[in-house]
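Q: Got a sequence here, can you model it:
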Amino acid sequence: MGFIKTLAIGAAVAYGINYVTKKGPDGKSIIDNLADEAPEWMDRAKKYGELTLEQIAVRAQNYRDNNRF
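A: Next up is the predicted model:
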């Protein structure tokens, strides 16, 4: 039974790899599209991280100002 399960999983992985690397009508695969869009996603993530750090700094400063002992 383990052999059949391993065979099925291997076939599914092979099909998935074939699917994401297959060229579409525009001549690009899903992997190509992801690679092209990755820098834009990185910029968005950096902006989100900077915004989050600014918000945390403001909250920390407010906490320090309001809770002096």
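Q: shaky segments in the chain?
A: 69 (pLDDT under 70).
Q: Can you mark which positions in the top helix by length along it are buried?
A: If you go by DSSP state H, the chain has its longest helix at helix 30-66. By neighbour count on 16 or more other C-beta atoms under 10 Å, the buried set for helix 30-66 is empty. All C-beta spots, glycine's among them, are computed from the backbone N, C-alpha and C.
Q: Renumber starting at 11 from here on
A: Right, with 11 as the first residue, what we last looked at is helix 40-76.
Q: on contacts alone, who are the packing partners of it?
A: With contacts taken as 3 or more C-beta pairs under 8 Å, 6 or more residues apart in numbering; DSSP states H and E, helix 40-76 sits against helix 12-31.
Q: gap between Ala48 and Ala70?
A: Ala48 sits 32 Å away from Ala70, taking C-beta to C-beta, to the nearest Å as the criterion.
Q: host element of Lys33?
A: For Lys33, there is no host helix or strand (DSSP states H and E).
Q: The residue sitting nearest the centre point of the chain and Pro35: what is the separation?
A: The centroid of the chain falls nearest to Trp51 when counting by C-alpha atoms, centre = their mean (8.3 Å). Taking C-beta to C-beta as the measure, Trp51 falls 24 Å from Pro35.
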